[in-house]
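Peer 1: just coords:
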(Lines give C-alpha, C1' and ligand atoms only; values in the text may rest on other atoms or scores of the structure.)
Protein backbone atom coordinates (compact mmCIF):
# COMPACT_ATOMS: atom_id res chain seq x y z
CA UNK A 1 0.00 0.00 0.00
CA UNK A 2 1.34 3.42 -0.94
CA UNK A 3 -0.61 5.30 1.82
CA UNK A 4 -1.15 8.35 -0.29
CA UNK A 5 -4.63 9.16 1.08
CA UNK A 6 -6.25 9.49 4.51
CA UNK A 7 -9.20 7.34 3.47
CA UNK A 8 -8.12 3.97 4.80
CA UNK A 9 -9.62 0.87 3.23
CA UNK A 10 -9.90 -0.92 6.62
CA UNK A 11 -12.51 1.66 7.66
CA UNK A 12 -14.84 0.42 4.98
CA UNK A 13 -13.87 -3.26 4.62
CA UNK A 14 -13.17 -5.84 7.28
CA UNK A 15 -9.74 -7.15 6.24
CA UNK A 16 -9.49 -9.65 9.07
CA UNK A 17 -11.65 -12.13 7.26
CA UNK A 18 -9.12 -12.37 4.40
CA UNK A 19 -6.23 -14.77 4.92
CA UNK A 20 -3.73 -12.79 2.83
CA UNK A 21 -4.27 -9.60 4.76
CA UNK A 22 -3.89 -11.41 8.08
CA UNK A 23 -0.54 -12.83 6.86
CA UNK A 24 0.80 -9.42 5.83
CA UNK A 25 -0.43 -7.73 9.01
CA UNK A 26 1.07 -10.30 11.34
CA UNK A 27 4.41 -10.92 9.48
CA UNK A 28 6.88 -7.98 9.64
CA UNK A 29 9.14 -9.55 6.94
CA UNK A 30 6.61 -8.68 4.30
CA UNK A 31 7.06 -5.03 5.19
CA UNK A 32 10.69 -5.37 4.10
CA UNK A 33 9.58 -6.99 0.85
CA UNK A 34 7.21 -4.11 0.25
CA UNK A 35 10.06 -1.67 0.79
CA UNK A 36 12.25 -3.64 -1.61
CA UNK A 37 9.51 -3.63 -4.24
CA UNK A 38 9.03 0.09 -3.79
CA UNK A 39 12.77 0.71 -4.09
CA UNK A 40 12.89 -1.49 -7.19
CA UNK A 41 10.03 0.46 -8.73
CA UNK A 42 11.84 3.69 -8.02
CA UNK A 43 15.04 2.25 -9.46
CA UNK A 44 13.24 1.11 -12.62
CA UNK A 45 11.65 4.53 -12.92
CA UNK A 46 15.07 6.13 -12.55
CA UNK A 47 16.52 3.68 -15.09
CA UNK A 48 13.91 4.70 -17.68
CA UNK A 49 15.29 8.24 -17.62
CA UNK A 50 18.92 7.21 -18.17
CA UNK A 51 20.45 8.24 -21.54
CA UNK A 52 20.48 5.69 -24.33
CA UNK A 53 22.44 6.03 -27.57
CA UNK A 54 20.33 5.19 -30.57
CA UNK A 55 22.14 3.01 -33.10
CA UNK A 56 21.83 1.17 -36.36
CA UNK A 57 23.01 -2.40 -36.38
CA UNK A 58 24.41 -4.16 -39.40
CA UNK A 59 26.10 -7.43 -40.23
CA UNK A 60 28.57 -8.22 -42.96
CA UNK A 61 32.04 -9.55 -43.56
CA UNK A 62 35.64 -8.45 -43.89
CA UNK A 63 36.69 -7.36 -47.37
CA UNK A 64 39.29 -5.01 -48.89
CA UNK A 65 39.09 -1.28 -49.30
CA UNK A 66 40.15 -1.17 -52.95
CA UNK A 67 38.80 -3.38 -55.77
CA UNK A 68 42.27 -4.37 -57.00
CA UNK A 69 43.08 -5.81 -53.56
CA UNK A 70 40.24 -8.34 -53.50
CA UNK A 71 40.52 -12.02 -54.42
CA UNK A 72 40.39 -12.42 -58.17
CA UNK A 73 40.06 -15.15 -60.73
CA UNK A 74 42.71 -15.31 -63.45
CA UNK A 75 41.16 -16.20 -66.79
CA UNK A 76 42.65 -17.40 -70.03
CA UNK A 77 42.34 -14.90 -72.87
CA UNK A 78 42.44 -17.57 -75.60
CA UNK A 79 41.22 -21.12 -76.00
CA UNK A 80 43.85 -23.77 -75.37
CA UNK A 81 44.89 -27.07 -73.86
CA UNK A 82 46.65 -27.31 -70.48
CA UNK A 83 50.23 -28.46 -70.96
CA UNK A 84 52.08 -27.62 -67.73
CA UNK A 85 51.43 -26.19 -64.26
CA UNK A 86 54.06 -24.06 -62.54
CA UNK A 87 52.29 -23.47 -59.17
CA UNK A 88 50.23 -25.30 -56.60
CA UNK A 89 47.61 -24.12 -54.14
CA UNK A 90 49.06 -21.99 -51.34
CA UNK A 91 52.11 -20.83 -53.33
CA UNK A 92 53.16 -17.19 -53.23
CA UNK A 93 53.63 -15.68 -56.69
CA UNK A 94 55.03 -12.36 -57.78
CA UNK A 95 53.69 -10.18 -60.53
CA UNK A 96 54.63 -11.73 -63.89
CA UNK A 97 55.35 -15.23 -62.55
CA UNK A 98 54.16 -18.01 -64.84
CA UNK A 99 51.20 -19.96 -63.49
CA UNK A 100 50.22 -22.15 -66.40
CA UNK A 101 51.27 -22.97 -69.96
CA UNK A 102 48.67 -23.83 -72.58
CA UNK A 103 48.98 -24.94 -76.21
CA UNK A 104 46.98 -23.98 -79.28
CA UNK A 105 43.84 -25.87 -80.31
CA UNK A 106 42.41 -23.67 -83.08
CA UNK A 107 43.29 -24.77 -86.60
CA UNK A 108 43.93 -21.20 -87.76
CA UNK A 109 46.96 -20.96 -85.44
CA UNK A 110 48.40 -24.49 -85.47
CA UNK A 111 51.26 -23.63 -87.86
CA UNK A 112 54.46 -23.49 -85.77
CA UNK A 113 56.00 -21.04 -88.29
CA UNK A 114 52.88 -18.89 -88.46
CA UNK A 115 54.65 -15.71 -87.33
CA UNK A 116 57.61 -16.17 -89.74
CA UNK A 117 55.33 -16.95 -92.68
CA UNK A 118 53.15 -13.96 -91.93
CA UNK A 119 56.27 -11.78 -91.72
CA UNK A 120 57.34 -13.01 -95.17
CA UNK A 121 53.90 -12.21 -96.54
CA UNK A 122 54.18 -8.71 -95.11
CA UNK A 123 57.60 -8.27 -96.75
CA UNK A 124 56.32 -9.54 -100.12
CA UNK A 125 53.34 -7.22 -100.03
CA UNK A 126 55.57 -4.28 -99.09
CA UNK A 127 57.77 -5.04 -102.13
CA UNK A 128 54.66 -5.23 -104.33
CA UNK A 129 53.49 -1.89 -103.00
CA UNK A 130 56.96 -0.41 -103.72
CA UNK A 131 56.78 -1.77 -107.27
CA UNK A 132 53.48 0.00 -107.82
CA UNK A 133 55.06 3.18 -106.48
CA UNK A 134 57.88 2.88 -108.98
CA UNK A 135 55.41 2.13 -111.78
CA UNK A 136 53.44 5.25 -110.89
CA UNK A 137 56.68 7.27 -110.97
CA UNK A 138 57.59 5.79 -114.38
CA UNK A 139 54.16 6.70 -115.72
CA UNK A 140 54.67 10.23 -114.37
CA UNK A 141 57.89 10.44 -116.36
CA UNK A 142 56.14 9.01 -119.41
CA UNK A 143 53.38 11.60 -119.12
CA UNK A 144 55.98 14.35 -118.85
CA UNK A 145 57.76 13.02 -121.97
CA UNK A 146 54.45 12.87 -123.82
CA UNK A 147 53.70 16.45 -122.89
CA UNK A 148 57.14 17.58 -124.04
CA UNK A 149 56.84 15.68 -127.32
CA UNK A 150 53.35 17.04 -127.83
CA UNK A 151 54.61 20.56 -127.26
CA UNK A 152 57.38 20.09 -129.82
CA UNK A 153 55.06 18.51 -132.38
CA UNK A 154 52.53 21.28 -131.96
CA UNK A 155 55.23 23.91 -132.28
CA UNK A 156 56.52 22.19 -135.43
CA UNK A 157 53.01 22.05 -136.87
CA UNK A 158 52.44 25.68 -136.02
CA UNK A 159 55.65 26.64 -137.80
CA UNK A 160 54.58 24.59 -140.80
CA UNK A 161 51.18 26.28 -140.70
CA UNK A 162 52.86 29.68 -140.65
CA UNK A 163 54.94 28.67 -143.69
CA UNK A 164 51.80 27.48 -145.45
CA UNK A 165 50.08 30.79 -144.76
CA UNK A 166 53.11 32.67 -146.12
CA UNK A 167 53.15 30.42 -149.19
CA UNK A 168 49.44 31.05 -149.72
CA UNK A 169 50.10 34.73 -149.49
CA UNK A 170 53.03 34.48 -151.92
CA UNK A 171 51.07 32.35 -154.39
CA UNK A 172 48.10 34.68 -154.16
CA UNK A 173 50.36 37.61 -155.07
CA UNK A 174 51.86 35.61 -157.95
CA UNK A 175 48.37 34.69 -159.08
CA UNK A 176 47.28 38.32 -159.03
CA UNK A 177 50.44 39.24 -161.01
CA UNK A 178 49.62 36.56 -163.55
CA UNK A 179 46.10 37.90 -163.91
CA UNK A 180 47.56 41.38 -164.54
CA UNK A 181 50.01 40.02 -167.13
CA UNK A 182 47.13 38.19 -168.81
CA UNK A 183 45.15 41.37 -168.96
CA UNK A 184 48.13 43.23 -170.46
CA UNK A 185 48.83 40.42 -172.96
CA UNK A 186 45.21 40.37 -174.03
CA UNK A 187 45.23 44.15 -174.48
CA UNK A 188 48.46 43.99 -176.51
CA UNK A 189 47.05 41.17 -178.64
CA UNK A 190 43.85 43.10 -179.35
CA UNK A 191 45.86 46.21 -180.21
CA UNK A 192 48.10 44.21 -182.58
CA UNK A 193 45.09 42.72 -184.31
CA UNK A 194 43.57 46.19 -184.75
CA UNK A 195 46.81 47.66 -186.03
CA UNK A 196 47.26 44.71 -188.39
CA UNK A 197 43.86 45.28 -189.86
CA UNK A 198 44.76 48.90 -190.36
CA UNK A 199 48.02 47.77 -191.93
CA UNK A 200 50.15 49.34 -189.30
CA UNK A 201 51.47 46.08 -187.84
CA UNK A 202 52.58 43.01 -189.69
CA UNK A 203 50.94 39.63 -189.14
CA UNK A 204 54.03 38.30 -187.50
CA UNK A 205 53.61 40.83 -184.75
CA UNK A 206 50.05 39.60 -184.25
CA UNK A 207 51.23 36.01 -184.09
CA UNK A 208 53.89 37.00 -181.58
CA UNK A 209 51.31 38.71 -179.37
CA UNK A 210 49.05 35.67 -179.67
CA UNK A 211 51.85 33.36 -178.49
CA UNK A 212 52.58 35.69 -175.62
CA UNK A 213 48.86 35.74 -174.71
CA UNK A 214 48.69 31.96 -174.72
CA UNK A 215 51.84 31.72 -172.64
CA UNK A 216 50.40 34.19 -170.14
CA UNK A 217 47.13 32.20 -169.97
CA UNK A 218 49.15 29.05 -169.26
CA UNK A 219 51.06 30.83 -166.49
CA UNK A 220 47.88 32.06 -164.80
CA UNK A 221 46.56 28.49 -164.67
CA UNK A 222 49.84 27.38 -163.11
CA UNK A 223 49.74 30.24 -160.60
CA UNK A 224 46.17 29.43 -159.71
CA UNK A 225 47.04 25.77 -159.20
CA UNK A 226 49.93 26.76 -156.97
CA UNK A 227 47.64 29.12 -155.03
CA UNK A 228 45.02 26.41 -154.55
CA UNK A 229 47.73 23.95 -153.55
CA UNK A 230 49.03 26.39 -150.97
CA UNK A 231 45.56 26.84 -149.49
CA UNK A 232 45.13 23.09 -149.42
CA UNK A 233 48.47 22.84 -147.59
CA UNK A 234 47.12 25.23 -144.93
CA UNK A 235 44.13 22.97 -144.45
CA UNK A 236 46.35 19.91 -144.28
CA UNK A 237 48.62 21.50 -141.67
CA UNK A 238 45.59 22.62 -139.64
CA UNK A 239 44.23 19.06 -139.70
CA UNK A 240 47.67 17.77 -138.76
CA UNK A 241 47.70 20.11 -135.76
CA UNK A 242 44.31 18.79 -134.63
CA UNK A 243 45.49 15.22 -135.17
CA UNK A 244 48.60 15.87 -133.05
CA UNK A 245 46.47 17.27 -130.23
CA UNK A 246 44.11 14.30 -130.40
CA UNK A 247 46.93 11.76 -130.64
CA UNK A 248 48.92 13.06 -127.70
CA UNK A 249 45.83 13.69 -125.64
CA UNK A 250 44.97 10.03 -126.11
CA UNK A 251 48.50 9.00 -125.14
CA UNK A 252 48.41 11.26 -122.08
CA UNK A 253 44.98 9.96 -121.07
CA UNK A 254 46.16 6.35 -121.40
CA UNK A 255 49.27 7.07 -119.34
CA UNK A 256 47.16 8.85 -116.73
CA UNK A 257 44.74 5.92 -116.64
CA UNK A 258 47.64 3.49 -116.21
CA UNK A 259 48.99 5.70 -113.42
CA UNK A 260 45.63 5.72 -111.60
CA UNK A 261 45.45 1.94 -111.98
CA UNK A 262 48.95 1.66 -110.51
CA UNK A 263 48.01 3.99 -107.64
CA UNK A 264 44.83 2.01 -106.99
CA UNK A 265 46.84 -1.20 -106.92
CA UNK A 266 49.38 0.51 -104.65
CA UNK A 267 46.72 1.64 -102.17
CA UNK A 268 45.06 -1.78 -102.25
CA UNK A 269 48.41 -3.47 -101.62
CA UNK A 270 49.21 -1.04 -98.80
CA UNK A 271 45.85 -1.88 -97.23
CA UNK A 272 46.73 -5.55 -97.48
CA UNK A 273 50.13 -4.79 -95.95
CA UNK A 274 48.48 -3.04 -93.00
CA UNK A 275 46.07 -5.94 -92.58
CA UNK A 276 48.93 -8.43 -92.63
CA UNK A 277 50.89 -6.31 -90.16
CA UNK A 278 47.86 -6.31 -87.88
CA UNK A 279 47.65 -10.08 -88.16
CA UNK A 280 51.39 -10.34 -87.55
CA UNK A 281 51.13 -8.30 -84.33
CA UNK A 282 48.06 -10.27 -83.24
CA UNK A 283 49.94 -13.51 -83.79
CA UNK A 284 52.88 -12.20 -81.76
CA UNK A 285 50.57 -11.13 -78.92
CA UNK A 286 48.67 -14.41 -79.07
CA UNK A 287 51.96 -16.28 -78.91
CA UNK A 288 52.62 -14.57 -75.57
CA UNK A 289 49.18 -15.51 -74.21
CA UNK A 290 50.12 -19.19 -74.05
CA UNK A 291 51.83 -18.40 -70.72
CA UNK A 292 49.27 -17.32 -68.09
CA UNK A 293 51.02 -15.07 -65.56
CA UNK A 294 50.15 -13.51 -62.21
CA UNK A 295 48.79 -9.94 -62.51
CA UNK A 296 50.10 -8.97 -59.05
CA UNK A 297 51.81 -10.34 -55.97
CA UNK A 298 49.62 -12.75 -54.07
CA UNK A 299 48.80 -16.28 -52.93
CA UNK A 300 47.23 -19.02 -55.03
CA UNK A 301 44.04 -19.77 -53.12
CA UNK A 302 42.52 -22.39 -55.39
CA UNK A 303 43.16 -23.95 -58.81
CA UNK A 304 39.83 -23.94 -60.62
CA UNK A 305 41.03 -26.07 -63.56
CA UNK A 306 43.14 -29.15 -63.07
CA UNK A 307 44.98 -31.88 -64.89
CA UNK A 308 47.05 -32.01 -68.08
CA UNK A 309 45.49 -32.01 -71.53
CA UNK A 310 42.22 -30.40 -70.46
CA UNK A 311 40.90 -27.93 -73.05
CA UNK A 312 39.48 -24.52 -72.15
CA UNK A 313 37.51 -21.84 -73.93
CA UNK A 314 38.26 -18.12 -73.95
CA UNK A 315 37.51 -16.46 -70.63
CA UNK A 316 37.68 -19.67 -68.60
CA UNK A 317 38.76 -19.09 -64.98
CA UNK A 318 41.99 -20.95 -64.16
CA UNK A 319 43.07 -20.03 -60.62
CA UNK A 320 41.95 -17.79 -57.77
CA UNK A 321 44.57 -15.43 -56.29
CA UNK A 322 44.49 -13.39 -53.09
CA UNK A 323 46.68 -10.25 -53.34
CA UNK A 324 49.52 -10.12 -50.83
CA UNK A 325 49.11 -6.43 -49.99
CA UNK A 326 45.68 -5.15 -49.09
CA UNK A 327 43.83 -2.73 -46.84
CA UNK A 328 40.99 -4.39 -44.98
CA UNK A 329 37.50 -2.96 -44.71
CA UNK A 330 34.05 -4.16 -43.75
CA UNK A 331 31.18 -4.64 -46.15
CA UNK A 332 27.97 -4.45 -44.12
CA UNK A 333 24.27 -4.20 -44.91
CA UNK A 334 21.57 -2.09 -43.25
CA UNK A 335 17.78 -1.97 -43.56
CA UNK A 336 16.25 0.51 -46.02
CA UNK A 337 14.49 2.31 -43.15
CA UNK A 338 17.91 3.21 -41.68
CA UNK A 339 19.53 4.22 -44.96
CA UNK A 340 18.75 8.01 -44.72
CA UNK A 341 20.43 8.12 -41.30
CA UNK A 342 23.80 6.89 -42.57
CA UNK A 343 26.25 9.41 -44.02
CA UNK A 344 29.70 9.13 -45.47
CA UNK A 345 32.48 10.05 -43.02
CA UNK A 346 30.58 9.08 -39.86
CA UNK A 347 32.19 6.86 -37.23
CA UNK A 348 30.90 3.42 -36.28
CA UNK A 349 31.87 0.62 -33.90
CA UNK A 350 32.66 -2.83 -35.24
CA UNK A 351 33.51 -6.23 -33.80
CA UNK A 352 34.60 -9.43 -35.46
CA UNK A 353 33.71 -13.10 -35.25
CA UNK A 354 36.30 -14.97 -33.20
CA UNK A 355 37.37 -11.99 -31.07
CA UNK A 356 35.90 -11.76 -27.53
CA UNK A 357 33.51 -8.87 -27.14
CA UNK A 358 31.04 -7.46 -24.64
CA UNK A 359 28.74 -5.07 -26.44
CA UNK A 360 26.19 -2.68 -24.92
CA UNK A 361 24.55 -1.12 -27.93
CA UNK A 362 23.05 1.75 -25.98
CA UNK A 363 26.22 2.48 -24.00
CA UNK A 364 29.09 2.16 -26.49
CA UNK A 365 31.55 3.61 -23.98
CA UNK A 366 31.12 0.57 -21.72
CA UNK A 367 31.55 -1.99 -24.52
CA UNK A 368 34.64 -4.17 -24.75
CA UNK A 369 36.34 -5.64 -27.83
CA UNK A 370 34.90 -3.20 -30.39
CA UNK A 371 36.98 -1.25 -32.88
CA UNK A 372 36.49 2.11 -34.54
CA UNK A 373 35.54 2.50 -38.18
CA UNK A 374 34.60 5.24 -40.64
CA UNK A 375 31.98 4.99 -43.39
CA UNK A 376 33.80 5.53 -46.70
CA UNK A 377 31.05 4.58 -49.17
CA UNK A 378 27.33 3.87 -49.29
CA UNK A 379 25.58 2.18 -52.16
CA UNK A 380 22.50 4.02 -53.41
CA UNK A 381 20.99 0.95 -55.07
CA UNK A 382 19.44 -1.79 -52.99
CA UNK A 383 21.19 -5.17 -52.99
CA UNK A 384 19.71 -8.56 -53.79
CA UNK A 385 19.20 -9.28 -50.08
CA UNK A 386 16.86 -6.28 -49.78
CA UNK A 387 19.34 -4.12 -47.87
CA UNK A 388 21.79 -1.33 -48.65
CA UNK A 389 25.51 -1.98 -48.79
CA UNK A 390 27.89 0.14 -46.66
CA UNK A 391 31.70 0.07 -46.82
CA UNK A 392 33.61 0.80 -43.59
CA UNK A 393 37.36 1.47 -43.27
CA UNK A 394 39.46 1.47 -40.06
CA UNK A 395 39.40 4.66 -37.99
CA UNK A 396 43.00 5.99 -37.92
CA UNK A 397 42.34 7.77 -34.61
CA UNK A 398 41.20 4.57 -32.88
CA UNK A 399 43.06 1.36 -32.01
CA UNK A 400 44.21 -0.83 -34.89
CA UNK A 401 42.08 -3.67 -36.12
CA UNK A 402 43.38 -7.21 -35.45
CA UNK A 403 46.25 -8.18 -37.76
CA UNK A 404 45.07 -11.78 -38.03
CA UNK A 405 41.80 -10.84 -39.71
CA UNK A 406 41.14 -12.82 -42.87
CA UNK A 407 39.11 -11.78 -45.87
CA UNK A 408 35.56 -13.09 -45.57
CA UNK A 409 35.44 -13.21 -41.77
CA UNK A 410 32.13 -12.19 -40.22
CA UNK A 411 31.70 -8.74 -38.69
CA UNK A 412 29.04 -6.76 -36.85
CA UNK A 413 28.66 -2.99 -37.00
CA UNK A 414 27.03 -0.38 -34.82
CA UNK A 415 26.37 3.13 -36.14
CA UNK A 416 25.81 5.59 -33.26
CA UNK A 417 23.06 8.24 -33.48
CA UNK A 418 21.35 10.54 -30.95
CA UNK A 419 21.23 10.15 -27.17
CA UNK A 420 17.65 9.68 -25.92
CA UNK A 421 16.05 8.45 -22.63
CA UNK A 422 15.59 4.73 -22.28
CA UNK A 423 11.82 5.09 -21.99
CA UNK A 424 11.76 6.88 -25.36
CA UNK A 425 13.77 4.10 -26.98
CA UNK A 426 11.43 1.46 -25.53
CA UNK A 427 8.41 3.42 -26.74
CA UNK A 428 9.99 3.83 -30.21
CA UNK A 429 10.82 0.14 -30.47
CA UNK A 430 7.36 -0.99 -29.37
CA UNK A 431 5.76 1.28 -31.99
CA UNK A 432 8.21 0.30 -34.76
CA UNK A 433 9.40 3.85 -35.33
CA UNK A 434 12.85 4.46 -36.90
CA UNK A 435 15.58 6.23 -34.91
CA UNK A 436 15.48 10.02 -34.79
CA UNK A 437 16.43 11.58 -38.09
CA UNK A 438 19.40 13.88 -37.65
CA UNK A 439 22.01 15.67 -39.70
CA UNK A 440 25.69 15.18 -39.11
CA UNK A 441 28.00 18.11 -38.54
CA UNK A 442 29.44 18.00 -42.06
CA UNK A 443 26.00 18.43 -43.61
CA UNK A 444 25.19 21.30 -41.22
CA UNK A 445 28.44 23.10 -42.14
CA UNK A 446 27.71 22.64 -45.86
CA UNK A 447 24.24 24.12 -45.45
CA UNK A 448 25.65 27.13 -43.56
CA UNK A 449 28.15 27.73 -46.36
CA UNK A 450 25.36 27.68 -48.92
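Peer 2: Right, received. Where do you want to start? Note that the structure is predicted; figures quoted are calculated from it, not measured.
Peer 1: domain ranges for the chain, per the record?
Peer 2: Using automatic domain parsing, the domain parsing of the chain gives 1-48, 53-68+326-449, 71-104+290-323, 114-288.
Peer 1: all helices of the stretch 201-350 of the chain, in order?
Peer 2: 203-288 (DSSP state H, counting those that start in this stretch).
Peer 1: now do the stretch 51-200 of the chain
Peer 2: Counting by DSSP H, counting those that start in this stretch, the helices of the stretch 51-200 of the chain are 114-197.
Peer 1: show me where pLDDT drops low in it?
Peer 2: Where the stretch 51-200 of the chain drops to pLDDT under 70, the residues are 51-55.
Peer 1: coming back round to it: any chance of the domains of the chain in CSV, with mean neighbour count too?
Peer 2: C-beta here means a position set from N, CA and C on the backbone, and glycine is covered the same way. Shown next, in CSV, are those (neighbours: other Cβ atoms under 10 Å):
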stretch, mean neighbour count
domain 1-48, 10
domain 53-68+326-449, 15
domain 71-104+290-323, 15
domain 114-288, 15
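Peer 1: ok, residues contacting stretch 160-175?
Peer 2: Stretch 160-175 is contacted from outside by 220, 223-224, 226-227, 229-231, 233-234, 236-238, 240-241, using Cβ atoms under 8 Å, 6 or more residues apart in numbering.
Peer 1: now that stretch, how far from the chain's geometric center?
Peer 2: Stretch 160-175 sits 79 Å away from the centroid of its parent chain (Cα atoms, centre = their mean, to the nearest Å).
Peer 1: can you check stretch 145-161 too?
Peer 2: That offset, for stretch 145-161, works out to 60 Å (Cα atoms, centre = their mean).
Peer 1: can you check stretch 377-397 too?
Peer 2: 31 Å.
Peer 1: what average pLDDT does it get?
Peer 2: Here stretch 377-397 scores 86 as its mean pLDDT.
Peer 1: how long is it end to end?
Peer 2: Using Cα to Cα, to the nearest Å, the end-to-end distance of stretch 377-397 comes out at 19 Å.
Peer 1: again with stretch 293-310
Peer 2: 18 Å.
Peer 1: name the residues that touch it?
Peer 2: By Cβ under 8 Å, 6+ apart, stretch 293-310 touches 68, 71-74, 81-85, 87-99, 312, 316-325.
Peer 1: now with 6 Å, please.
Peer 2: 82, 87, 89, 91-99, 317-324 (Cβ atoms under 6 Å, 6 or more residues apart in numbering).
Peer 1: now do stretch 121-138
Peer 2: With Cβ under 6 Å, 6+ apart, stretch 121-138 has contacts from 259, 262, 263, 265, 266, 269, 270, 272, 273, 276, 277, 280.
Peer 1: what about 10 Å?
Peer 2: 255, 258-280 (Cβ atoms under 10 Å, 6 or more residues apart in numbering).
Peer 1: run through the stretch 301-450 of the chain and note the low-pLDDT ranges.
Peer 2: Using pLDDT under 70, the stretch 301-450 of the chain drops low at 356-369, 416-429, 431-450.
Peer 1: ranges for the strands of it?
Peer 2: For the stretch 301-450 of the chain, the strands defined by DSSP state E, counting those that start in this stretch cover 311-312, 317-323, 328-334, 347-352, 371-378, 388-394, 410-421.
Peer 1: would you mind giving the ones you listed as TSV with distance to residue 176 added?
Peer 2: Formatted as TSV, the strands of the stretch 301-450 of the chain follow (distance: least, Cβ to Cβ, whole Å):
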stretch	distance to residue 176
strand 311-312	107
strand 317-323	111
strand 328-334	120
strand 347-352	127
strand 371-378	114
strand 388-394	117
strand 410-421	127
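Peer 1: distance of residue 406 relative to residue 353?
Peer 2: Using Cβ to Cβ, to the nearest Å, residue 406 is found at 10 Å from residue 353.
Peer 1: identify the contacts common to those two.
Peer 2: Common neighbours of residue 406 and residue 353 (Cβ under 10 Å, 6+ apart) are residue 62.
Peer 1: so how far is stretch 116-134 off the chain centroid?
Peer 2: Using Cα atoms, centre = their mean, the offset of stretch 116-134 from its chain centre is 31 Å.
Peer 1: got it, and stretch 222-233?
Peer 2: For stretch 222-233, the distance to the chain centre is 82 Å (Cα atoms, centre = their mean).
Peer 1: can we start the residue count at 461 from this point?
Peer 2: OK, 461 is where the count begins now, so the last one is stretch 682-693.
Peer 1: and it, average pLDDT?
Peer 2: 81.
Peer 1: could you find the closest non-adjacent residue to residue 846?
Peer 2: Using Cβ to Cβ, 6 or more residues apart in numbering and skipping the chain neighbours, the partner closest in space to residue 846 is residue 796 (7.5 Å).
Peer 1: ditto for residue 875
Peer 2: residue 516 (4.2 Å).
Peer 1: now do the contacts for residue 528.
Peer 2: Residue 528 touches 755, 756, 783, 786, counting by Cβ under 10 Å, 6+ apart.
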